[in-house]
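Q: Sharing a model prediction with you, sequence too.
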Amino acid sequence: MLYITMMGFIKRLSLVLFMALSFVSCKDDTKEKDDNYAYLGGEIINPKKNFVILSKSEQILDTVTLDANNRFLYKIEQLEDGLYTFKLPAAEGLEFQMVLLEPKDSIMFRLNTLEFDESLVYTGVGAKKNNYLINLFLDGEVEDKIILGYSQLPADEFQRLLDSIRDHKLKKLKAFKGNNSTSPFFNELIEGTINYDYYLSKEVYPFVNYSQSEKRNFESLPKGFYDYRKQIDYNYCNLMDYFPYYSFLKHHFENIALTEHFKNSNDSVYNVKSFDYNMIRLRLIDSLVVNDSIRNSLLAQTAIEYITNSKDVDNYDALLESFVNKNSNKEHQRYVTNIVKSLKDLKSGNMLPKVGVIDANGNKLSLSSSIKNPTVVYFWSSTYRSHIDSHKKADELKLKYPEIDFIAINVNNDDIKLWRNIIKQYRYNTDNEYLLANPKEAKYKLAISPINKVMIIDEKGKIVNAHTSMFNIRFEEELLGLLNK
């Protein structure tokens, strides 16, 4: 099976997990208290709302209101060195970016919500290192596409070209350090980011290389291709909050688990639905990652990915038991346990659970009452740009299968006015657009994870497939099967 993934999407998605899988940063209590502060402020062009959310390691520090000029200034007391996140509503939903703060920094930024990352510029004390960081991020988005192309080359050539990209980045960093006074923390963060981004590309290579067999790809890798693994720090405190490191760990464990799985099975292709493979992933994460927070996050993501992708309900309880025994986070345990229960209730042949929705006129009704014909239910969030692709795909399928209704449900907005503005902006057909009346409850009942999942329901309201994708090459076969029942 071909495992196709855009590298930039991998990096961003790994930071925004299915749930708030928070990290715990390392603290340094040796600083003088009088010096242990920083200022962060900004000016927002075209704000969608009048606030900015500031957080550290997914722990919200404050929600800061913009003034009449769409500006804010915030003092962080008892500062912990590291990466902080600011989030705000933008053109495509809630956008975020990271800023590096160290004692006595006084950083201002300016951004336009219509071009979030591309317009971001820092000024003030500490600005140079953050402009370097954002440029590294933006350059990385361009490089990701280049590296994806390189991934179709033989491994030796791929490694040579990838080495040249990393060497160029390290030379730029050396030049920057020579012209600017930089802290050990900054140096470690940037060098670590460069290295783990490089490691990530090598870990993903066997999956994105065009081949019918990942096993064959593994076997053809040159000796020493993964020598860097001897240097891996599975508990890299200073990089814990930055997405290249977390993305690397996620795909690294996928890689080494699959290698071990191939040794003890007859499989030769990557199958995310394989029970044995995912049990190996859980075991390896538990055995190698010491830090509770990042280990729990990786374990939770592994369990969620398997449970939401596999239809083998009979194996859910065994995987859940393994997960609960390894994950010490009670909230994670409850979340995954609830998903298992929900998916059992969503077995083919069961009636669609009772879920309340709101139509474009503000009327509240049950989802099942809106199903009169064979129906495809798909979900979207204004936080992710993928909702545009989902609606386009649905429109294409509607033309080919007019006997089937397509219902779109927004899962993240509790602001009806904002939701209406979005569907008006993109000219979506309001007859087929709904908002969840109780998002928290409905997400459990319908097991809405990942966001791009699709449900196929027959005209009687019975579940045909509770977890599929419109972008799956066999999706149209499922639709034809639905019509021929």
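A: Yep, that arrived. Please read these numbers as outputs of a predicted model, since none were measured by experiment.
Q: C-alpha from now on. contacts and neighbour counts both.
A: OK.
Q: and the gap between residue 194 and residue 281?
A: 25 Å (C-alpha to C-alpha, to the nearest Å).
Q: And residue 343, by the same measure?
A: Residue 343 is 21 Å from residue 281, by C-alpha to C-alpha.
Q: Of these two, which one has the most company?
A: Ranked by neighbour count (other C-alpha atoms under 10 Å), residue 343 and residue 281 place residue 281 first, with 26 against 21.
Q: next one: phi and psi at that one?
A: Phi and psi for residue 281, reported as degrees, to the nearest 10, are phi -60, psi -50.
Q: quick one: contacts for it?
A: Going by C-alpha atoms under 8 Å, 6 or more residues apart in numbering, residue 281 touches 253-254, 257, 302.
Q: Take those residues and keep only those in helices.
A: Residues of the contacts of residue 281 located in helices (DSSP state H): 253-254, 257, 302.
Q: tell me the helices in the stretch 301-450 of the chain, going along the chain?
A: Secondary structure of the stretch 301-450 of the chain (DSSP state H, counting those that start in this stretch): helices located at 316-326, 330-345, 386-400, 416-425, 439-445.
Q: other SSEs contacting the shortest one?
A: In other words, helix 439-445. If contacts are counted by 3 or more C-alpha pairs under 8 Å, 6 or more residues apart in numbering; DSSP states H and E, helix 439-445 sits against helix 330-345.
Q: Please write out the alpha-carbon positions of the helix it packs on in CSV.
A: Taking Å, rounded to 0.1, in the frame of the first residue of the first chain, the C-alpha atoms of helix 330-345 are listed here in CSV:
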residue,chain,number,x,y,z
LYS,A,330,-6.2,9.2,33.3
GLU,A,331,-7.7,11.6,30.8
HIS,A,332,-6.1,9.8,27.9
GLN,A,333,-7.4,6.5,29.3
ARG,A,334,-11.0,7.8,29.5
TYR,A,335,-10.8,9.3,26.1
VAL,A,336,-9.6,6.2,24.3
THR,A,337,-12.0,4.0,26.3
ASN,A,338,-14.9,6.1,25.2
ILE,A,339,-13.8,5.9,21.6
VAL,A,340,-13.7,2.1,21.8
LYS,A,341,-17.2,2.1,23.2
SER,A,342,-18.5,4.5,20.5
LEU,A,343,-17.0,2.5,17.7
LYS,A,344,-18.5,-0.7,19.0
ASP,A,345,-21.9,1.1,18.9
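Q: In it, which residues are buried?
A: 332-333, 336-337, 339-340, 342-345 (16 or more other C-alpha atoms under 10 Å).
Q: low pLDDT regions in the stretch 51-200 of the chain?
A: 91-93 (pLDDT under 70).
Q: which residues of it fall in helices?
A: Going by DSSP H, counting those that start in this stretch, the stretch 51-200 of the chain shows helices at 116-119, 127-150, 155-179, 184-208.
Q: Quick one: these as a markdown table, columns for mean neighbour count too.
A: Listed next are those as a markdown table, based on neighbours: other C-alpha atoms under 10 Å:
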| stretch | mean neighbour count |
| --- | --- |
| helix 116-119 | 16 |
| helix 127-150 | 17 |
| helix 155-179 | 14 |
| helix 184-208 | 20 |
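Q: could those helices go into CSV alongside distance to residue 307?
A: Converted to CSV, those look like this (distance: least, C-alpha to C-alpha, whole Å):
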stretch, distance to residue 307
helix 116-119, 34
helix 127-150, 28
helix 155-179, 33
helix 184-208, 21
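Q: picking up where we left off before, can you check which of the helices of the stretch 301-450 of the chain gets nearest to residue 207?
A: helix 386-400 (22.1 Å; C-alpha to C-alpha).
Q: can you tell me how far residue 56 sits from residue 317?
A: On the measure of C-alpha to C-alpha, residue 56 and residue 317 end up 35 Å apart.
Q: So if I had to pick from those two, which one is more boxed in?
A: It is residue 56, of residue 56 and residue 317, that has more neighbours when counted by other C-alpha under 10 Å, with 19 against 14.
Q: Let me know whether the more buried one touches residue 83 as I believe.
A: Yes - Residue 56 is in contact with residue 83 according to C-alpha atoms under 8 Å; the separation is 6.9 Å.
Q: picking up where we left off before, now, the most widely separated pair of the contacts of residue 281?
A: Across the contacts of residue 281 (C-alpha to C-alpha), the longest gap, 11.4 Å, separates 257 and 302.
Q: Spit out the residues that contact these two alike.
A: 278, 281.
Q: Which secondary structure state does residue 222 sit in?
A: coil (DSSP: H, G, I helix; E, B strand; the rest coil).
Q: Run through the residues that contact it.
A: Contacts for residue 222 (C-alpha under 8 Å, 6+ apart) come out as 155-156.
Q: before we move on, back to that, which of the contacts of residue 281 has the most neighbours?
A: residue 254 (23 neighbours).
Q: now that residue, nearest residue through space, not along the chain?
A: Spatial nearest neighbour of residue 254, excluding adjacent residues (C-alpha to C-alpha, 6 or more residues apart in numbering): residue 281 at 6.6 Å.
Q: contacting residues around the nearest residue to residue 198 once chain neighbours are set aside?
A: Sequence neighbours aside, residue 166 is the residue nearest to residue 198 in space, at 6.7 Å (criterion: C-alpha to C-alpha, 6+ apart). Contacts here follow C-alpha under 8 Å, 6+ apart; on that basis residue 166 touches 194-195, 198.
Q: For the contacts of residue 281, could you give me TSV that also reports distance to residue 308?
A: Shown next, in TSV, are the contacts of residue 281 (distance: C-alpha to C-alpha, whole Å):
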residue	distance to residue 308
253	19
254	16
257	19
302	10
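Q: And these, which is closest to residue 66?
A: Closest to residue 66 out of those is residue 302 (38.8 Å), distances taken as C-alpha to C-alpha.
Q: That closest one and residue 280 touch, don't they?
A: No - counting by C-alpha under 8 Å, no contact exists between residue 302 and residue 280, whose distance comes to 10.4 Å.
Q: For residue 209, grab phi and psi.
A: The phi/psi pair for residue 209 (degrees, to the nearest 10) is phi -70, psi 130.
Q: Spatially, and excluding backbone neighbours, which residue is closest to it.
A: Excluding its sequence neighbours, the residue lying closest to residue 209 (C-alpha to C-alpha, 6+ apart) is residue 152, at 4.9 Å.
Q: Kind regards, and thank you for your time.
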